[in-house]
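K.L.:
predicted coordinates and the sequence they were generated for:
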Amino acid sequence: RHSSNSKQTFIMHTSIGSRSGHYYHHAPGSRSSLLRSSAVNVVAMTSSQFKGCDAPLPKQVKVLGMGSCGVDYLASVAAYPKPDDKLRTETLEAQGGGNCANALTAASRLGLSPVIVTKIGGDGLGDGIITELQEDGVDTSHIMRAAGHPSPFTYIIVDRSGGTRTCIHTPGAALVPEEMGGPADLDRLLEGAALVYFDGRLTEAALLLAARAREQGVPVLVEAERLRPGLEALLQLADYVVTSAHFPQDWTGERELADALVVTAQRLPSARFVITTLGTRGSIMLERPAKDTAAASSVPLATLMSQLQAQLQAAGPSAVVDCVSKNGLEIRSGAVATAPGGPFHLTCSSSRDAAAASQQAAEAAERAAALNADSGAGSRYAGSATSAPTTTSAPLVVHVTMASIASLPAGAVVDTTGAGDAFIGSVLYGLAVGLPRPDMLKLAAVVAACKCTALGARPGLPTRGQLSADLLHGKQQQQQHGVAQGAQVGASASA
């Protein structure tokens, strides 16, 4: 029930099918999870020629993740309710959720050995959260429990006709830095990790682990989904950054997306790459060269984006099936293109107004604070550049790569909840096993698309057996039997 200005919207829950209504009232510690996965059974593959990857990774690859973990209550409705509406849910399901937990689940199904650091309640839901993660191969030994506190949860309204999902989150107990222990405790956490990932939450404690990872030489990936207190400090410690479609413009206040991408990458000089997911438009990666390289030319990013989008559209999806979902849907990977002749010195558009961008960023920070039940605290969410327009920045010299989305059959998208988490889980995999960058982006798009074929963040996530060996290992990597960072895309390199 949502009440605003004396208007009330009621959503009446109706269980549809056998997947709903069986997530509760299990005794703590029982074999049945409080949050049993609602993944449908694998049905006969629609492509008799498809062969998934039947080989595990040759050795265990540990990745560490720190961030949100909780419960998602997903209410699927025919259309998003208007104020004062009454409607019934078509499906109501409870599943494990949280950006970090979802991304690590995706990484585990791809073959990695993830370890999660987070804090949940000491309640029965918390028991179910842990059981579900363990059943998916995620190491939960570093999950902290808050006695007397509920576990975090999110109520998600899935609008079937509009293809949107609206999330209302209730956080749990805070994880304070003192609970992370001393340097020796952090070192034990990081031992053997190929990579450590932060989803942007629990930032005060996350800063300790990220700083220690940098000291120990463990690469750091930070997700920038939306403006959060302390996120800017965490981003400065990142070797790799993945952002949502709207984060760059919210953070920088830039009117044009291309300008926002340039300014975002300029503000993160330690980041080897910044990837931004663009929804149905795919993704874009700005990657600094492995060595100091003179820029071939100076060019506005908007110009390169237009050229690359035209190339992707002309290329179309793969002719072969790269993945088959659990309900038998064929998924084909999209195209990847890198601007030839790079790296480039990227510039903003001639119409850019730095002072106006600073004002817009401050307003976006105030909106973010209000949405986080923290009205009036916009300064805690704003980037440091909002107080004074940046007039001098180091030149941004990068390669520019864009990838299209994967191809799904018409009407196959059930729910986009967790698509970004699936993408990040795939990036974790790609970095940990050394996939060439174009192959990593291609895999991430396919895994995210497959996730969207089922309700919720995890049921649609594919396993290795649902993905082709070429997609998981990269064609070039299979040919060279090793990490290939200088992968060619057409006539261009993505160093």
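P.N.:
Nice, thanks for sending it over.
K.L.:
residue 409 contacts residue 330, correct?
P.N.:
Yes - in this structure residue 409 lies within contact range of residue 330 using CB atoms under 8 Å: 6.8 Å. Any C-beta I mention is one placed from the backbone N, CA and C, and that applies to glycine too.
K.L.:
ok, those two, which is more surrounded?
P.N.:
A count of neighbours by other CB atoms under 10 Å puts residue 330 above the other of residue 409 and residue 330, at 18 against 14.
K.L.:
I'd guessed the more buried one sits against residue 321; true?
P.N.:
Yes - if you go by CB under 8 Å, residue 330 and residue 321 touch, sitting 4.7 Å apart.
K.L.:
now stretch 269-282: average pLDDT?
P.N.:
Rounded to a whole number, the mean pLDDT of stretch 269-282 is 96.
K.L.:
now do the end-to-end distance for that stretch.
P.N.:
From its first residue to its last, stretch 269-282 covers 24 Å (CA to CA, to the nearest Å).
K.L.:
now swap in stretch 409-427 and tell me
P.N.:
End-to-end distance for stretch 409-427, by CA to CA: 24 Å.
K.L.:
what about that stretch, average pLDDT?
P.N.:
95.
K.L.:
and if you look at stretch 463-480?
P.N.:
For stretch 463-480, the mean per-residue pLDDT is 80.
K.L.:
going forward, begin numbering at 43 instead of 1
P.N.:
All set: I'll call the first residue 43, so the last point we hit is now stretch 505-522.
K.L.:
can you pull out the helices in the stretch 343-492 of the chain?
P.N.:
Under the criterion DSSP state H, counting those that start in this stretch, the stretch 343-492 of the chain contains helices at 343-357, 396-413, 461-475, 479-493.
K.L.:
comparing those helices by mean pLDDT, which bottoms out?
P.N.:
helix 396-413 has the lowest average pLDDT among these, namely a mean of 93.
K.L.:
dump that helix to PDB, restricted to CA.
P.N.:
The C-alpha trace of helix 396-413 is given here as PDB (Å, rounded to 0.1, in the frame of the first residue of the first chain):
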ATOM      1  CA  ALA A 396      30.700  23.900 -17.400                       C
ATOM      2  CA  ALA A 397      29.000  26.300 -15.000                       C
ATOM      3  CA  ALA A 398      25.600  25.000 -15.900                       C
ATOM      4  CA  ALA A 399      26.800  21.400 -15.500                       C
ATOM      5  CA  SER A 400      28.000  22.200 -12.000                       C
ATOM      6  CA  GLN A 401      24.600  23.500 -11.100                       C
ATOM      7  CA  GLN A 402      22.800  20.500 -12.600                       C
ATOM      8  CA  ALA A 403      25.100  18.100 -10.700                       C
ATOM      9  CA  ALA A 404      24.200  19.800  -7.400                       C
ATOM     10  CA  GLU A 405      20.500  19.500  -8.200                       C
ATOM     11  CA  ALA A 406      21.000  15.800  -9.100                       C
ATOM     12  CA  ALA A 407      22.700  15.300  -5.800                       C
ATOM     13  CA  GLU A 408      19.800  16.900  -3.900                       C
ATOM     14  CA  ARG A 409      17.400  14.600  -5.700                       C
ATOM     15  CA  ALA A 410      19.500  11.500  -4.900                       C
ATOM     16  CA  ALA A 411      19.500  12.500  -1.200                       C
ATOM     17  CA  ALA A 412      15.700  12.900  -1.200                       C
ATOM     18  CA  LEU A 413      15.200   9.500  -2.800                       C
END
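K.L.:
give me the buried positions along it.
P.N.:
Across helix 396-413, burial judged by 16 or more other CB atoms under 10 Å covers 396, 399-400, 402-404, 406-408, 410-411.
K.L.:
for those residues, which one is nearest residue 92?
P.N.:
Using CB to CB, residue 410 comes nearest to residue 92 of those, at 43.3 Å.
K.L.:
before we move on, the earlier item: export the helices of the stretch 343-492 of the chain as JSON lines, with columns for distance to residue 438.
P.N.:
Below are the helices of the stretch 343-492 of the chain laid out as JSON lines (distance: least, CB to CB, whole Å):
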{"stretch": "helix 343-357", "distance to residue 438": "9"}
{"stretch": "helix 396-413", "distance to residue 438": "15"}
{"stretch": "helix 461-475", "distance to residue 438": "21"}
{"stretch": "helix 479-493", "distance to residue 438": "18"}
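K.L.:
right, so of these, which gets closest to residue 302?
P.N.:
With CB to CB, the closest approach to residue 302 among the helices of the stretch 343-492 of the chain belongs to helix 396-413: 8.4 Å.
K.L.:
tell me how many other residues surround the closest residue to residue 496 other than its chain neighbours.
P.N.:
The spatially closest residue to residue 496, leaving aside those adjacent along the chain, is residue 502, at 3.4 Å (CB to CB, 6 or more residues apart in numbering). Around residue 502 there are 28 other residues, counting by other CB under 10 Å.
K.L.:
three-state assignment of residue 502?
P.N.:
Three-state call for residue 502 (DSSP: H, G, I helix; E, B strand; the rest coil): coil.
K.L.:
which phi and psi does it have?
P.N.:
Dihedral pair for residue 502: phi -90, psi 0, per degrees, to the nearest 10.
K.L.:
quick one: it and residue 365 touch, right?
P.N.:
No - if you go by CB under 8 Å, residue 502 and residue 365 don't touch, sitting 10.8 Å apart.
K.L.:
which of the buried residues of helix 396-413 sits closest to residue 104?
P.N.:
residue 410 (33.4 Å).
K.L.:
for that closest one, which non-adjacent residue is closest in space?
P.N.:
In space, residue 410 is closest to residue 269, 3.9 Å off (CB to CB, 6+ apart).
K.L.:
can you pull the contacts of the one you found?
P.N.:
Residues near residue 269 by CB atoms under 8 Å, 6 or more residues apart in numbering: 289, 292-293, 406-407, 410, 423-424.
K.L.:
and the gap between it and residue 422?
P.N.:
9 Å (CB to CB, to the nearest Å).
K.L.:
shaky segments in the protein?
P.N.:
The model of the chain has pLDDT under 70 over residues 43-90, 337, 427-435, 517-537.
K.L.:
quick one on the thing from earlier: what sits in contact with each of residue 502 and residue 365?
P.N.:
Here residue 502 and residue 365 have residue 492 as joint contacts, going by CB under 8 Å, 6+ apart.
K.L.:
since we're on residue 487, how many residues are nearby?
P.N.:
28.
K.L.:
now do the contacts for it.
P.N.:
Residue 487 sits next to 324-325, 375-376, 445-448, 465 when contact means CB under 8 Å, 6+ apart.
K.L.:
what about 6 Å?
P.N.:
Contacts for residue 487 were tallied using CB atoms under 6 Å, 6 or more residues apart in numbering; they are 376, 445, 447-448.
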